[in-house]
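Trainee: 3D, please:
(2 chains)
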Amino acid sequence: MTNLELSWALEEMGDLLEIKGEEPFKVRAYHRAARALETLEEEAAKLYARGELEKIPGVGKNLAKKIAELLETGRSTFLEKLREEVPPGLRDMLSIPGLGAKSIRTIYQHLKITTLEELEQAARERKIRTLPGLGSKTELAILRGIDMLKESRDKVPLGVARPLAELFCRQLRSLPGVDRVEVAGSVRRGCPMVGDVDILVGISSGGDEALLEVIEHHPQVKEVIEKEENHLSLRTWTGVKLEIFVVTSEKFAAGWWYLTGSAAHREELRAYAREAGFSLDEAGLPSSLEEAPVDLSSEEELYSRLSLPFIAPELREGKGEVKAAQEGRLPRLVTLEDIKGDLHCHTRYSDGLHTIREMVEAARARGYKYLAITEHSRSLAVARGLTPEELQAQKEEIARLNEELSDFTVLAGVEVDILPDGRLDYEDEILAQMDLVIASIHSGFRQDEEQMMARLEAALRHPYVDILGHPTGRMLGRRPAYAVNLEKLLELAAETGTILEINASPDRLDLDEVAARRAKEYGIPLAINTDAHDAGRLEDMEYGLAVARRAWLEPEDIINTWELDRLLKRLKRNRHLKF
DNA sequence: GCCGTTTTCGGCCCGACTGTTTTCAGTCG
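Mentor: Prediction:
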């Protein structure tokens, strides 16, 4: 049994114990051990063979025994007993924001509901509000939560799908007879949530079954869903559906275009081609992977045969990109090479993992010219928000570091909380001394639109707030956006000159592409920030870029593509200064 | 449940917000 499977088993035990009403610290012990197993470098089976299971942090005598049983028999009597006591369907309900173990127990005891479907029906029939301790707000939260879960059902975040796709591509490339391997589909288009991962393999001679067999037995593969001569459909242990297609190399270019999609883009392009008098065969537009023509050298050629410039995969959504290409209005999309710095990250001062120096070194290694350190403010106690004194100390450390560095600038920033009443979590005098201020909402998510907008408006009108962080507060598949009126927010940002963030963390991607494109129409500058809590996560910039590119944004629209002095001049706080 | 002793028991992150009820329990970050 793999570490991941062990981790899932412990996770499920923890969840079921929680619903059962076990004491929170016991529940946490299971969850902590599950996380430890998930991130464990070595296979637990090897540790077990050496009698060293208890060396795993968070694993003691009891859990070691349960893990040992799982490793030996592939089953757990404890888990099976728990499943008998607690209907496993209740677990899904834990993912509904605002609904916890106690409420789930109440619902189960009174209504005998065990699945999300039954729960949704009960909520629609207004039965939840009749239960003790539950009311109409909880009922609404349930309906909203189930809606959100439905949207992300059978989908994984790009942050999971893309690394997995790249892993399989690397391994496929190393196989004999393979000329070329590329990611296609929604991963290539940079979609924030992905249903399946499409990979195209180009081989020198037809139908190599041995090739697909190797992949079938890859350790990441849990099951084979479907197997044909030139197509393999798999599910990985992490629940991702993988579609691998094999074509001969001369069909690769057309096949790659076809498989990248989207269906809407293919249709838009076909319609254009028909109208412009091209025959589709001549143009090389396949209507299936099998029909991919053999005489196409690249996607660029496909577009140029239609007298069009290359259309980047992120734009291929059938949202006017073909017409724009025809009229020469395609954007010059922002790329990683354009990015000169990151304006939102955390260090050990608050809830980050690394020191300022370590973060700065990582940013320099990426070729950046500047990095803003932006810790949490006092009220966010769980994230060890900084006191004014700690903030001052950090500012001094940053100043010392800047003296050392000749080719790089560290900005002393802060991510200040917008409190539920609209005030900011630091005094103005403190904010005035910072190089850069991000304001974000981390509490009071359930306020109604009026309260929320009043709060956001107060922050945007604040003279020292430069950037609004993760503007809608959504967490992909986990938490819906708070009650924000987007149009009003954009109007306010435009009016007050406040920069809006595209938070690049793959858990957030907030603003999303629709809002970001609207922001551009308003002339609002955007910042793509990773919000990195460790040095490695600075790499999340690529996910923010995917959003920006899908939003048709150009380097000019993104302030962290600008040189530092230009960026600083643009900040609200500096507009009165002369440089 | 685990862990580290103050070594076999007590602390473990804990305060704030929300909804429900009417003084507090449940949930969350």
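Trainee: C-terminal to the one helix or strand in chain A whose mean pLDDT sits lowest, what's the next element?
Mentor: Ranked by mean pLDDT, DSSP states H and E, the helix or strand of chain A with the weakest confidence is helix A:280-283, at a mean of 74. Next helix or strand after helix A:280-283 toward the C-terminus (DSSP states H and E): helix A:299-305.
Trainee: same question for that next one, mean pLDDT?
Mentor: Helix A:299-305 comes out with an average pLDDT of 94.
Trainee: So what touches the least confident helix or strand of chain A?
Mentor: A:Arg270, A:Ala273, A:Arg274, A:Ser287, A:Pro293, A:Leu302, A:Arg305, A:Leu306 (Cβ atoms under 8 Å, 6 or more residues apart in numbering). For the C-beta atoms, the positions are set from N, CA and C on the backbone; glycine is no exception.
Trainee: can you check stretch A:285-297 too?
Mentor: Outside stretch A:285-297, the residues that reach it (Cβ under 8 Å, 6+ apart) are A:245, A:247-248, A:250-251, A:253-255, A:257-259, A:266, A:269-270, A:273, A:280-281, A:284, A:302.
Trainee: filter those down to the ones close to DNA strand B.
Mentor: Among the contacts of stretch A:285-297, no residue sits close to DNA strand B (Cβ under 7 Å from any atom of the strand).
Trainee: if you look at those residues, which of them are in strands?
Mentor: Per DSSP state E, strands hold the following members of the contacts of stretch A:285-297: A:Phe245, A:Val247, A:Thr248.
Trainee: Do you know the pLDDT at the last one?
Mentor: Spelled out, it's A:Thr248. 91.
Trainee: Roughly how far does it sit from A:Glu495?
Mentor: 58 Å (Cβ to Cβ, to the nearest Å).
Trainee: what about those two, which has more around it?
Mentor: A:Thr248 (17 against 13; other Cβ atoms under 10 Å).
Trainee: The stretch 351-500 of chain A against DNA strand B: which residues are in contact?
Mentor: Residues of the stretch 351-500 of chain A lying near DNA strand B (Cβ under 7 Å from any atom of the strand): A:379-383, A:419-420, A:442-447, A:479.
Trainee: Give me the phi and psi for the residue nearest the centre of chain A.
Mentor: For chain A, the residue nearest the mean C-alpha position is A:Pro506 (1.7 Å; Cα atoms, centre = their mean). The phi and psi torsions at A:Pro506 (degrees, to the nearest 10) take the values phi -60, psi -10.
Trainee: check contacts around the residue in the stretch 101-250 of chain A that DNA strand B sits nearest to.
Mentor: In the stretch 101-250 of chain A, the residue found nearest to DNA strand B is A:Gly135; the distance is 2.0 Å by Cβ to the nearest atom of the strand. Residues in contact with A:Gly135 (Cβ under 8 Å, 6+ apart) are A:Arg129.
Trainee: Local confidence estimate at it?
Mentor: At A:Gly135, pLDDT is 89.
Trainee: got it, and the one 3 residues further on?
Mentor: In the predicted model, A:Thr138 carries a pLDDT score of 90.
Trainee: what do you get for A:Arg573?
Mentor: 80.
Trainee: Contacts only, for it.
Mentor: A:Ala432, A:Val437, A:Pro463, A:Tyr464, A:Asp466 are the contacts of A:Arg573 under Cβ under 8 Å, 6+ apart.
Trainee: Pull the number of nearby residues for the closest residue to the last one other than its chain neighbours.
Mentor: Excluding its sequence neighbours, the residue lying closest to A:Asp466 (Cβ to Cβ, 6 or more residues apart in numbering) is A:Leu571, at 4.7 Å. Close neighbours of A:Leu571, defined as other Cβ under 10 Å, add up to 20.
Trainee: residues touching A:Leu571, list them.
Mentor: Counting by Cβ under 8 Å, 6+ apart, the residues that A:Leu571 touches are A:Leu436, A:Asp466, A:Ile499.
Trainee: before we move on, back to that, name the nearest of the contacts of A:Arg573 relative to A:Arg518.
Mentor: Checking these against A:Arg518 by Cβ to Cβ gives A:Asp466 as the nearest, at 20.4 Å.
Trainee: Might one say that the closest one is in contact with A:Gly497?
Mentor: No - with contact defined as Cβ atoms under 8 Å, A:Asp466 does not reach A:Gly497; the gap is 9.0 Å.
Trainee: tally of neighbours for A:Leu111?
Mentor: Neighbours of A:Leu111 using other Cβ under 10 Å come to 16.
Trainee: Give me every residue in the stretch 101-250 of chain A lying close to DNA strand B.
Mentor: Near DNA strand B, when you scan the stretch 101-250 of chain A using Cβ under 7 Å from any atom of the strand, you find A:101-104, A:129, A:132-139.
Trainee: Of those residues, which pair is most distant in space?
Mentor: Top of the distance list for those (Cβ to Cβ): A:Ala101 and A:Ser136, 21.0 Å.
Trainee: So between these two, which is more surrounded?
Mentor: More crowded of A:Ala101 and A:Ser136, by other Cβ under 10 Å: A:Ala101, with 20 against 10.
Trainee: so what pLDDT did the more buried one get?
Mentor: 91.
Trainee: ok, it to A:Gly14 distance?
Mentor: In terms of Cβ to Cβ, A:Ala101 sits 11 Å off from A:Gly14.
Trainee: pLDDT on the strand or helix carrying A:Arg455, on average?
Mentor: Assigned by DSSP H and E, A:Arg455 belongs to helix A:449-461. What helix A:449-461 shows for mean pLDDT is 89.
Trainee: what's in contact with it?
Mentor: A:418-424, A:439, A:441, A:444, A:447, A:465, A:468, A:482-485, A:488-489, A:492-493, A:496, A:498.
Trainee: Mark which of these are buried, thanks.
Mentor: A:418-419, A:422, A:424, A:439, A:441, A:447, A:465, A:468, A:482-484, A:489, A:492-493, A:496, A:498 (16 or more other Cβ atoms under 10 Å).
Trainee: So which of those belong to helices?
Mentor: Members of the buried ones among the contacts of helix A:449-461 lying in helices (criterion: DSSP state H): A:Leu489, A:Leu492, A:Ala493, A:Thr496.
Trainee: any idea where the helices of the stretch 51-200 of chain A begin and end?
Mentor: A:61-73, A:77-85, A:90-93, A:101-111, A:116-124, A:136-152, A:158-173, A:185-188 (DSSP state H, counting those that start in this stretch).
Trainee: Then the stretch 251-400 of chain A?
Mentor: A:252-260, A:263-275, A:280-283, A:299-305, A:321-326, A:356-365, A:388-404.
Trainee: tell me which residues in the shortest one are buried?
Mentor: For helix A:280-283, the neighbour count (16+ other Cβ under 10 Å) marks A:Ala283 as buried.
Trainee: which stretches of the stretch 51-200 of chain A have low pLDDT?
Mentor: For the stretch 51-200 of chain A, no stretch has pLDDT under 70.
Trainee: mind checking pLDDT for A:Glu209?
Mentor: pLDDT at A:Glu209 comes out at 63.
Trainee: State the three-state secondary structure for the residue nearest to A:Asp435 when sequence neighbours are not counted.
Mentor: Leaving aside its chain neighbours, A:Asp435 sits nearest to A:Leu411 (4.1 Å; criterion: Cβ to Cβ, 6+ apart). Following DSSP: H, G, I helix; E, B strand; the rest coil, we place A:Leu411 in the strand state.
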